[in-house]
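*Asks:* quick one, structure for this:
(4 chains, ligands or ions: 4)
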Protein chains: 2
Amino acid sequence: MSGQTDLTRNQTLVLDTLTKAEGPLSAYTILDQLRGDGLRAPLQVYRALDKLLEKGLAHRLESLNAFVACAHPHCHKSGLIAFAICETCGLVREFSDEVVRARLDDWADREGFVTARTTMEIRGTCQQCASG
Amino acid sequence: MSGQTDLTRNQTLVLDTLTKAEGPLSAYTILDQLRGDGLRAPLQVYRALDKLLEKGLAHRLESLNAFVACAHPHCHKSGLIAFAICETCGLVREFSDEVVRARLDDWADREGFVTARTTMEIRGTCQQCASG
DNA sequence: TCTACGATGTAATGCTATAACGTTATGATA
DNA sequence: TATCATAACGTTATAGCATTACATCGTAGA
Ligand SMILES: [Zn+2]
Ligand SMILES: [Zn+2]
Ligand SMILES: [Zn+2]
Ligand SMILES: [Zn+2]
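*Replies:* Numbers count the residues shown, from 1 in each chain, chains lettered A, B, ... in the order given. Ligands and ions are numbered 1, 2, ... in the order given. Take a look at the predicted model:
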């Protein structure tokens, strides 16, 4: 047996790369940073990313076609995660809001829509960059 | 002069294609449907789409890399639009929620984040498909 | 041992989007 | 009219993102 949270070598490499990064990385950027570790093909990265997304250790930013390490691993009580993305410095803030989640749940209930997952991405300028 | 809402030939072709479609279309699918009308290159479609997005006549679904005609033209009072996307039948519902918008505005105010635009996409199964 | 399963490696391909260039249509202005 | 500026257009090439297909390997269970 063994814990179901163990990561393989490739998964660990990709997660470490994301964790050390200042901002979101594309799969191909991750690949480039891991060529020294023996990775050669996009699929090696995409497969690792798939598993990390499954486990909630990383997130995909749809509006950027890029990925980030989860900022709050093991702490996704709310089923909904929002991202604020600064278009100047690239910084990504991850947060959740119970009222928003409840409000969207209500909408889904009323409409009979069965929610699988929700993407919420706010693009703009962070305080640091806006005040500079 | 003339109204600033007039569309060019390509813009009209693309918007008509989106309007007649049952669900979201990728730029390349739009292109394929318009080859009979003389369109030959992706850029012709992308340029038309850019203008349609600017004018609020179409929307981009980030999680699908696809586009839809706006369901409520001239009626985007709320700065935030949400989409519910059925992964079975492809149907897209467009709606907005003042409470959600206000809640996200509050978050941005507190954090000093200047919002440019927000993407909200709910993936799941519509009532029709869920009950079938 | 045999088998099933998951992870891996590799090559090839497909899908999405933009850069860079030149041309054409239009409308304002001298 | 001649000139100029602007916006849309057309075309080719290229960049960037993601998946299909197939072979291999290692391990756990029957
Ligand atoms: Zn997270
Ligand atoms: Zn910033
Ligand atoms: Zn709309
Ligand atoms: Zn459906």
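
*Asks:* the strands in chain A, which residues?
*Replies:* If DSSP state E is used as the criterion, the strands of chain A fall at A:58-61, A:66-69, A:82-86, A:92-95, A:114-125.

*Asks:* got JSON lines for the ones you listed, with mean neighbour count and distance to B:Ala66 too?
*Replies:* Glycine gets a C-beta too; all of them are placed from N, C-alpha and C. As requested, these are exported to JSON lines (neighbours: other C-beta atoms under 10 Å in any protein chain shown; distance: least, C-beta to C-beta, whole Å):
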{"stretch": "strand A:58-61", "mean neighbour count": "20", "distance to B:Ala66": "16"}
{"stretch": "strand A:66-69", "mean neighbour count": "22", "distance to B:Ala66": "19"}
{"stretch": "strand A:82-86", "mean neighbour count": "23", "distance to B:Ala66": "20"}
{"stretch": "strand A:92-95", "mean neighbour count": "17", "distance to B:Ala66": "24"}
{"stretch": "strand A:114-125", "mean neighbour count": "19", "distance to B:Ala66": "14"}
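
*Asks:* closest point of chain A to DNA strand C, which residue?
*Replies:* A:Thr8 (3.1 Å; C-beta to the nearest atom of the strand).

*Asks:* residues near that residue, how many?
*Replies:* Neighbour count for A:Thr8, taken as other C-beta atoms under 10 Å in any protein chain shown: 11.

*Asks:* likewise the one 10 residues further on?
*Replies:* By the measure other C-beta under 10 Å, the count of residues near A:Leu18 is 24.

*Asks:* which pLDDT value goes with it?
*Replies:* pLDDT recorded at A:Leu18 is 98.

*Asks:* for chain A, what lies in contact range of chain B?
*Replies:* Residues of chain A found near chain B (C-beta under 8 Å from any C-beta of the partner chain) are A:62-63, A:82, A:84, A:86-87, A:93, A:95, A:97, A:99-100, A:103-104, A:107-108, A:111-127, A:130-131.

*Asks:* okay, the closest residue to A:Leu61 other than its chain neighbours: pLDDT?
*Replies:* Of all residues not flanking A:Leu61 in the chain, A:Pro24 sits nearest, at 5.4 Å (C-beta to C-beta, 6 or more residues apart in numbering or on different chains). On the pLDDT scale, A:Pro24 is placed at 98.

*Asks:* good, wrapping up.
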